[in-house]
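J.: Predicted model and sequence below, questions to follow.
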Amino acid sequence: MFDYLTEQEILEIDTLIMKCDNIKEIMYAVELLAKLHVPAHSLKALIFYKLGEVPTEDIADTVGKLVQLELSSEFATNPQNEKDIYRELFITLGSSIDVIVIKLAIELAYLSLHKMEREDQNVIAVAKLSQDIYAPLCHRLGLGEMKVEFEDLSLYVLDSEQFFDIAKKLQLKKTERELLINEMIDNIKSQIADSVDGYKIFGRSKHIYSIYNKIKKFDKQYEELFDLLAIRIICNTDVECYTVLGQIHQLYPPVDNRFKDYIARPKPNMYQSLHTTVRGEQRQIFEIQIRTFEMDSIAERGVAAHFEYKEGKSNPNDVAKKLTSLKDFISEGDFEADDYKQILAQDILDDHIYALTPARKIIALPIGATVVDFAFKIHSRVGERMVGAKVNGKIAAYSQVLQTNDIVEILTKKNAPGPNETWLDNCVTTHAKSKIKTYLRRKSEIESETKVERGTALLHQELKKRKIDRQIIDDQKKRNEFLRKYKLRSIYDGLEQIADHKLSAGEVVDFFTKEKKANESEIKFVTNIKNKNSVIIPGAEDIKYELAKCCKPVYGDDIVARAKNGVAFKIHRSDCIESGDNNLSAHWNRNSLNENKYSTNLKIVAIDNDKLLNDIINMLSTSNVGVVDFKKTQSNDLVTMIITVSVVDVAHIDVAIANIKKNNLIKTIQRI
């Protein structure tokens, strides 16, 4: 295992390990790194990091970066920290490959030795990070064996029932699978014996997580999976790989659309191999990989193979150049959390293109992505303000599909009309579609609020012209009849229809007044008859009254009656400055509770927001409070609203105010 190190290096490493408390875990991590031929100074950095000691200058930087990558389980499992976690890993990767490899070994060792502690929150946190970050990162770096271990161990911790179910089924078919694979190997050996020498051929099985992932991804049963039989052939040269491929296809018919040539077109993570799928003599499906020994080394150890090349034990074959390209790709990117996930996602390198901005910033997109996808990948604001685009200097349609190395310039205007429904047909990424839908929904809400305001103004204008009190439209029974007749979901739909001239304000007023026209005074005045009146004025029970508009009293307020003209009273709140002197006492009729509704005003000062009005209306609706009227004024980033509401009593107002106060945008709210 340590045969690539000197005796002195091995002795120093053994001595350091013996000083550690958790020798088993550290030894496991060291062995993982030794399989990758990580140099001695990196192994020492791992041990010094675990010891918490200040090491020698040559490895202090590595230890410091490992400390930076420490994550508490609370931080790691908080979705709000996701972007920071990804970015920190990528920044470290861009500056030091060995730090990332050490970090992966530490986490894999921990998860392997603590996998039985499936209820422990720290173990669960590492298992989740393994699925979301560490395993995809291993895939991105070509660390095949570590990727498999991370995936299987994380599944063991997070979904042990599925893990054991698949393991059991694999075991039941093990003998049958081995017989089929051995028979296929013997046939291939006979076929290629005269063509190649010094090759290796062996069967391999799919690991448990890959089977679980296919069952989940393609909604298949275990028995339906057709590539559980797998064979790998390792040759000396590229030419031999293609020769073996041709001989196998002569022996067994290939399955359509299942051949991939990663030798001619390597993945950006340096992976190279030929992939083909064939049918055996008994019609079983076999997945076959063919590669050189050097390709196999890189496929299994990825960027870690770089360490071996640095020691001069093999021809680098442009590995350093590929690593530099990988670092450049990461360091030049300006990614959001979702973008990091896409970069790390399994098999993403098979189906993505890399387009460029005019400033040569790399933008990674899936094959089939368009100009619209590109714009929103740069920034949602760029997409929303887009008015055109150029691809390689030529004007392009929004639907134009991009290719790798295309230079894309997005043309924007501050007052652009913005996305519309057709844009959804001109993009393929979930990111772009989501941003467009959010924009359209936000635009619709703003337009709806504006229409409600305009419709309200038209309705009030009609009421004023006819000298009818606005409270006429606050009759809930009439409102329900109105909604049923015009098939509306809410009164706000009606106001929008007034704004759109689909419904006239006059028609609405006619509906609400058609039973009252004979005696309009009843709209403003209520005669105290048979104790059903809401207000009782002792000694003046037969005199008409109206509720004062200045203070808008509500059932439960302390009230007084002020003579209006000798034959009528106005009912004021007792603290109203307009009530004057020489008032008569008045009180609310208990028998009228819940029989009447009252209008009163709320003054709200809040931070302006597109959804604020809609949120307030929803809160009032939740409190069964009707909205009669509202006015709005703007001052910098604050908005002041005067909302006239319809309530049953003072307690009803208190509930509404309490609900509105829950909105964090509200600065002050008071009844006026």
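T.: Received, thanks. Just so it is clear, the model here is predicted, and its values are computed rather than measured. Numbering: from 1, shown residues only.

J.: Can you tell me who the closest residue to residue 392 other than its chain neighbours pairs with across the strands?
T.: Spatial nearest neighbour of residue 392, chain neighbours left out: residue 407 (5.5 Å); criterion: CB to CB, 6 or more residues apart in numbering. All C-beta atoms are positioned from the backbone trio N, CA, C, and that covers glycine. For residue 407, the beta-bridge partners are residue 356 (DSSP bridges).

J.: Against residue 360, how distant is residue 407?
T.: Note on residue 407: its distance to residue 360, by CB to CB, to the nearest Å, is 8 Å.

J.: of those two, who's got more company?
T.: residue 407 (15 against 8; other CB atoms under 10 Å).

J.: Show the pLDDT at the more buried one.
T.: We have a pLDDT of 91 for residue 407.

J.: Contact partners for it?
T.: Residues in contact with residue 407, defined by CB atoms under 8 Å, 6 or more residues apart in numbering, are 355, 356, 357, 358, 391, 392, 393.

J.: Go through the helices and strands of this protein and name the one with the lowest mean pLDDT.
T.: helix 521-524 (a mean of 32; mean pLDDT, DSSP states H and E).

J.: returning to that earlier point: and the contacts of residue 407, which are buried?
T.: 355, 356, 391 (16 or more other CB atoms under 10 Å).

J.: any chance of the residues you listed in a markdown table, plus pLDDT and distance to residue 445?
T.: Output for the buried ones among the contacts of residue 407, formatted as a markdown table (pLDDT from 0 to 100; distance: CB to CB, whole Å):
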| residue | pLDDT | distance to residue 445 |
| --- | --- | --- |
| 355 | 85 | 33 |
| 356 | 87 | 36 |
| 391 | 93 | 34 |
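
J.: Rebuild these as CSV, extending it with distance to residue 632.
T.: What follows is those, written out as CSV (distance: CB to CB, whole Å):
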residue, distance to residue 632
355, 45
356, 46
391, 45
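
J.: which one of those residues is nearest residue 288?
T.: residue 355 (34.1 Å; CB to CB).

J.: so what's that closest one up against?
T.: 362, 363, 365, 369, 374, 402, 403, 404, 405, 406, 407, 408.

J.: Please report the distance of it from residue 400.
T.: 11 Å.

J.: Could you pull out the buried residues of stretch 372-389?
T.: 372-378, 380, 383-386, 389.

J.: Endpoints of that stretch, how far apart?
T.: 9 Å (CA to CA, to the nearest Å).

J.: For it, what is the distance to the chain centroid?
T.: Its chain's C-alpha centre and that of stretch 372-389 lie 19 Å apart, by CA atoms, centre = their mean, to the nearest Å.

J.: Begin at 831 from now on, thanks
T.: Let's use 831 as the start, then, which means that last one is stretch 1202-1219.

J.: Tell me which residues are up against it.
T.: 1169, 1185, 1187, 1193, 1195, 1201, 1225-1226, 1228-1230, 1232, 1238-1244, 1246-1249, 1253, 1256-1259, 1261-1262, 1265-1266, 1269.

J.: Those residues in strands, which ones?
T.: Judged by DSSP state E, those include 1185, 1193, 1195, 1225, 1238, 1239, 1240, 1241, 1242 as members of strands.

J.: ok, the fifth one - how many residues close by?
T.: Residue 1238 sits with 23 neighbouring residues when counted by other CB under 10 Å.

J.: need the contact list for it.
T.: Contacts of residue 1238 (CB under 8 Å, 6+ apart): 1185, 1186, 1187, 1193, 1201, 1204, 1219, 1220, 1221, 1226, 1232.

J.: ok, and the closest non-adjacent residue to residue 835?
T.: Closest to residue 835 by CB to CB, 6+ apart is residue 870, at 5.5 Å.

J.: Show the pLDDT at that neighbour.
T.: 88.

J.: same thing with residue 875?
T.: pLDDT, residue 875: 92.

J.: So what's the residue count around it?
T.: Residue 875 - counted by other CB under 10 Å - has 26 other residues nearby.

J.: any idea which element it lies in?
T.: Using DSSP states H and E, residue 875 sits in helix 870-881.

J.: How about that helix, which residues are buried there?
T.: In helix 870-881, counting by 16+ other CB under 10 Å, buried: 870, 872, 873, 874, 875, 876, 877, 878, 879, 880, 881.
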